[in-house]
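Asker: sequence and predicted model, in that order:
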Amino acid sequence: MAEGCIFCAIADRTATAEVVEADANCVAFLDINPATRGHTLIIPRRHSADLHEIAAEDLQNVMAMAQEIAGRMPQRLGATGVNLLNSWGEAAWQTVFHFHVHVIPRYDDDPLKLPWIPTHTHAEDLAKVAEELR
């Protein structure tokens, strides 16, 4: 547990949250500032700040629980889709530095929009970026 981490406190039940599911490795709870009805956060019990730090086993456990929770959303909440979101770093909108995945149910009339405007990229630019990432 990291001192002062609200998500660690939720994981060990010293802070209040509306828990949807919990097991030995992860906790799923409702976001207090939801994007849509049913917006759920999945966290590993073991603290890691972000995607760079999380152990592969913890990441696997978080994603398995995210898949399970997301799978319930269409039937139980009437969602017509689901987004998974992880933010790594302040520039990517991370505000709590305990790794977490947002499971956001989507509805035909919800207010969420794609956060970027897709633009065409030339093949040579794609090849250059691909080479940089290899």
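Answerer: Nice, I can see it.

Asker: now stretch 59-74: average pLDDT?
Answerer: Mean pLDDT, computed over stretch 59-74, is 98.

Asker: could I get the phi/psi values of the residue sitting nearest the centre point of the chain?
Answerer: The centre of the chain sits closest to V101, judged by CA atoms, centre = their mean, with a distance of 1.5 Å. Here is the backbone geometry of V101 (degrees, to the nearest 10): phi -120, psi 130.

Asker: can you pull the contacts of it?
Answerer: L41, I42, V62, M63, A66, L84, L85, N86 (CB atoms under 8 Å, 6 or more residues apart in numbering). C-beta coordinates here come from the backbone N, C-alpha and C atoms, glycine included.

Asker: for I42, helix, strand, or coil?
Answerer: State at I42, reduced to three classes by DSSP: H, G, I helix; E, B strand; the rest coil: strand.

Asker: leaving out chain neighbours, which residue sits closest to G89?
Answerer: D50 (6.8 Å; CB to CB, 6 or more residues apart in numbering).

Asker: brain fart, D108
Answerer: Excluding its sequence neighbours, the residue lying closest to D108 (CB to CB, 6+ apart) is T80, at 5.4 Å.

Asker: check T95 too.
Answerer: Residue nearest to T95 in three dimensions, not counting chain neighbours: S87, with 7.9 Å by CB to CB, 6+ apart.

Asker: tell me how many other residues crowd that neighbour.
Answerer: 17 (other CB atoms under 10 Å).

Asker: against M73, how distant is it?
Answerer: Distance, S87 to M73, using CB to CB, to the nearest Å: 20 Å.
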